[in-house]
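Asker: this one's sequence-less:
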């Protein structure tokens, strides 16, 4: 039987994903308490909790979670280059993993019914030939991915044998107005008018509309079948990098200038420039299948990423600095 949450605490509520989750919950008539790094001028003070930087959480959690029956943990560090030193790596683990453990402990003590953790599909490492599924092993390839895997494990350990059920959602790269990461950088490249050497690629990369992710989070909060389950999340069909560039160029009102260049040459040049990770994110395949969420929860992701990518680029074209402007740096 579906359970309607009474009040949901959303950490990272002013971030890109957090804002979408809050909007979707409110549209469904569900009360939301905002967990943010700093006070928001426009927010209801009675329903806003200043968390400070993770993991050194500031709030009185008994008061912060009073009246809440569920929690969505969307706070953390994302879209950051691989740390260059031990201090940078330690900070990622402190914020993403230790912070998640602190939040889970607060939820356990408060006796919440459900916690939904927004993790990342990158915990699986490289894509499988047939598309990544939840049954594939975890093999994180960088510090960020390892910190997200550690966050999952920390929350599982804290909530094990408690009354609080945990649902983990592993989205791929999320797009929409306000998105961050490689998509804004790629759109700026397209706007320069320079030819991009990706015309010969035949890769398959999965993306996810932020509205679809917010809907999946809502389903995970409501559906009993989501309890103690993990779900990968992606639009139904992957897209090749040349088609990604064509969609963004259409939204930007610019021509898609693509040159055919051997992938090996691209990777060699990127290695010389110290940009191997960025090049791999554009050229390698990362195909994720989300049939489990569709079958178990009745979730319906977009069939194609193209329309949403065009809309994202149209917004970037109108307000080029809007991507990320209103989002709080996620810590």
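Answerer: Sure thing, it's come through. Being a predicted model, the structure only gives us computed values, none of them experimental. Numbering: from 1, shown residues only.
Asker: pretty sure residue 8 contacts residue 35?
Answerer: No. Using CB atoms under 8 Å, residue 8 is not in contact with residue 35, being 10.4 Å away. For glycine as for every other residue, the C-beta is placed from the backbone atoms N, C-alpha and C.
Asker: now the strands for the stretch 151-300 of the chain?
Answerer: Ranges of strands in the stretch 151-300 of the chain, per DSSP state E, counting those that start in this stretch, are 165-171, 173-175, 207-209, 230-233.
Asker: Let me have those in JSON lines, extended by mean neighbour count and mean pLDDT.
Answerer: Listed next are the strands of the stretch 151-300 of the chain as JSON lines, based on neighbours: other CB atoms under 10 Å; pLDDT from 0 to 100:
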{"stretch": "strand 165-171", "mean neighbour count": "24", "mean pLDDT": "98"}
{"stretch": "strand 173-175", "mean neighbour count": "24", "mean pLDDT": "96"}
{"stretch": "strand 207-209", "mean neighbour count": "25", "mean pLDDT": "98"}
{"stretch": "strand 230-233", "mean neighbour count": "24", "mean pLDDT": "98"}
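Asker: Distance to residue 134 for those strands - can I get that in CSV?
Answerer: CSV is the format used below for the strands of the stretch 151-300 of the chain (distance: least, CB to CB, whole Å):
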stretch, distance to residue 134
strand 165-171, 8
strand 173-175, 18
strand 207-209, 15
strand 230-233, 6
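Asker: closest one to residue 302 among the ones you listed?
Answerer: Nearest to residue 302 among the strands of the stretch 151-300 of the chain is strand 207-209; the distance by CB to CB comes to 5.3 Å.
Asker: The closest one: partners in the sheet, and parallel or antiparallel?
Answerer: strand 173-175 (parallel) (DSSP bridges).
Asker: Pull the distance from the strand it pairs with to the chain's centre.
Answerer: The chain centroid and the centroid of strand 173-175 are separated by 7 Å under CA atoms, centre = their mean, to the nearest Å.
Asker: and what of stretch 159-178?
Answerer: The chain centroid and the centroid of stretch 159-178 are separated by 9 Å, computed with CA atoms, centre = their mean.
Asker: And stretch 214-221, by the same measure?
Answerer: Taking CA atoms, centre = their mean, one finds the center of stretch 214-221 at 13 Å from the center of the full chain.
Asker: So what touches it?
Answerer: 5, 8, 17, 20-21, 23-25, 28, 30, 70, 72, 114, 116, 118, 167, 169, 226, 231, 233, 293, 297-299, 301 (CB atoms under 8 Å, 6 or more residues apart in numbering).
Asker: Now that stretch: average pLDDT?
Answerer: Averaged across stretch 214-221, the pLDDT comes to 98.
Asker: Buried ones in stretch 218-230, by neighbour count?
Answerer: 218, 219, 220, 221, 222, 223, 226, 229, 230 (16 or more other CB atoms under 10 Å).
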